[in-house]
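Peer 1: Can you look at this prediction? I've put the sequence above it.
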Amino acid sequence: MATHFPKRVRVPVNGVLLLDKAAGHSSNDVLIKAKRLLNAMKAGHTGTLDPFATGLLPLCFGEATKFAQDLLEADKTYETVVHLGQVTTTGDTEGEITATAGVSVTREQVEAVLAQFRGPILQVPPMYSALKRDGKPLYEYARAGVTLEREARAVTIHTLELLELTSPLLTLRVKCSKGTYIRVLGEEIGAALGCGGHLQALRRTVVGSLTLDGAVTLEGLAEVEESQRAATLAPVDALLSTFPELRLNDDFAQRFLHGQRLALAKEMPVLPQAGRVRVYRDTDNVLLGTAQLAEYGVLAPERLVSTSI
């Protein structure tokens, strides 16, 4: 006779887990494991990290998932090691070596090449990426030996610093816009130096305003008492810290939560600068959501948060 165990009931969990992802795991795998550890009903990530990459992977739970898109749009900072003199099929350590060359570069030569990649650049997405063509990710075509034409995309390299040169390894820090492929950047830097290259290591340290400070590993989360795991999450508004805050009285807050546009100029003569704001109820400091504030003092609700959190 089969034994039937009761199905585990998921619970509402709201907040942001600053996860320090280990190498060898996909972003989706660690999201599933973290969701299970927190017994959470709803979860999502804020942009993937390649399996070989490590570092900051903010995971959103519950009401925080409403703002995950903001981190997809945010700038990111990485530290990476480029192995010069070896080209691989994937642009990183997971691919097969397809070409080798001797490496003889000076710090001056490297600095001159790095200068070419700072600022706005065009970058062709790699075949080994999750971008989709006809509903299928590019990496599936690549694994089948098919190479497709890809359009170059505009990205911005805000900073590109040389941290260390110990031939054949080149250690860099990169702050870049959304959509930047550090693997492609490493390959192109190697090509510009005349010897080729691939990423030996990649670690993300910053996403938007979030950093690795206070980040936990999956193993560390598992070691926390189950009843205390939710306490490791940052609050939902950790995703919104770059937006000015606006506080509403109870009447305005109630109308805001019903999706009403509010004319605030007469009632609140001192307002933040026009643009996107995070909105709180003044009496209990509860986050209500985000809104667009017009120059003439009209507040238009954008994304609303359940006030029960």
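Peer 2: Ah, there it is. All figures in this text were calculated on a predicted structure; none of them were measured in a lab. Numbers count the residues shown, from 1 in each chain.

Peer 1: Which residue is the nearest non-sequential neighbour of residue 25?
Peer 2: Spatially, and ignoring its direct neighbours in sequence, residue 25 is nearest to residue 51 (6.2 Å; Cβ to Cβ, 6 or more residues apart in numbering). All C-beta atoms are positioned from the backbone trio N, CA, C, and that covers glycine.

Peer 1: Quick check: the one you found touching residue 21?
Peer 2: No - under the contact definition of Cβ atoms under 8 Å, residue 51 does not touch residue 21, with a separation of 9.3 Å.

Peer 1: ok, back up a step: what's near enough to touch the residue nearest to residue 25?
Peer 2: Applying Cβ atoms under 8 Å, 6 or more residues apart in numbering to residue 51 gives the contacts 23-26, 94.

Peer 1: Where neighbours are concerned, which of these has the most?
Peer 2: Top of those by neighbour number is residue 25, holding 18 neighbours under the definition other Cβ atoms under 10 Å.

Peer 1: mind checking which helix or strand that residue is in?
Peer 2: Residue 25 belongs to no helix or strand when assigned by DSSP states H and E.

Peer 1: Mind pulling up the pLDDT for it?
Peer 2: At residue 25, the model reports a pLDDT of 91.

Peer 1: re the thing from before, the residue nearest to residue 25 should be in a strand, yeah?
Peer 2: No - when classified by DSSP: H, G, I helix; E, B strand; the rest coil, residue 51 is found to be coil rather than part of a strand.

Peer 1: So for it, what's the pLDDT?
Peer 2: pLDDT at residue 51 comes out at 89.

Peer 1: Phi and psi next, for it.
Peer 2: phi -50, psi -40 (degrees, to the nearest 10).

Peer 1: That one and residue 23, how far apart?
Peer 2: Distance, residue 51 to residue 23, using Cβ to Cβ, to the nearest Å: 7 Å.

Peer 1: do residue 62 as well
Peer 2: From residue 62 over to residue 23 the distance is 28 Å, taken as Cβ to Cβ.

Peer 1: where does residue 154 fall, helix, sheet strand or coil?
Peer 2: strand.

Peer 1: again with the one 3 residues further on
Peer 2: Taken by three-state DSSP, the conformation at residue 157 corresponds to strand.

Peer 1: Could you tell me how many residues sit around it?
Peer 2: Neighbour tally, residue 157, other Cβ under 10 Å: 20.

Peer 1: So what sits opposite it in the bridge?
Peer 2: Listed beta-bridge partners, residue 157: residue 119, residue 176 (assigned using DSSP bridges).

Peer 1: In this structure it contacts residue 180, no?
Peer 2: Yes - Residue 157 is within contact range of residue 180, at 7.0 Å (criterion: Cβ under 8 Å).

Peer 1: any common contacting residues for those two?
Peer 2: Common neighbours of residue 157 and residue 180, counting by Cβ under 8 Å, 6+ apart, are residue 174.

Peer 1: that older thread, overlap of the contact sets of residue 51 and residue 21?
Peer 2: Common neighbours of residue 51 and residue 21 (Cβ under 8 Å, 6+ apart) do not exist.

Peer 1: show me what contacts residue 78?
Peer 2: Contacts for residue 78 were tallied using Cβ under 8 Å, 6+ apart; they are 55, 173-174, 176, 182, 202-205.

Peer 1: one more time with 10 Å, if that's ok
Peer 2: By Cβ atoms under 10 Å, 6 or more residues apart in numbering, residue 78 lies in contact with 49, 53, 55-56, 172-176, 180, 182, 185, 199, 202-206.

Peer 1: Could you do residue 221 as well?
Peer 2: 17, 19, 33-34, 37-38, 229, 232-233.

Peer 1: make it 7 Å
Peer 2: Residue 221 makes contacts with 34, 37, 229, 232, as judged by Cβ atoms under 7 Å, 6 or more residues apart in numbering.

Peer 1: Need the three-state assignment for the first one.
Peer 2: I take that to be residue 34. helix.

Peer 1: Run a quick check on it versus residue 61, I expect a contact.
Peer 2: No - using Cβ atoms under 7 Å, residue 34 is not in contact with residue 61, being 8.4 Å away.

Peer 1: Quick check: neighbours shared by the two?
Peer 2: Shared contacts of residue 34 and residue 61 (Cβ under 7 Å, 6+ apart): residue 17.
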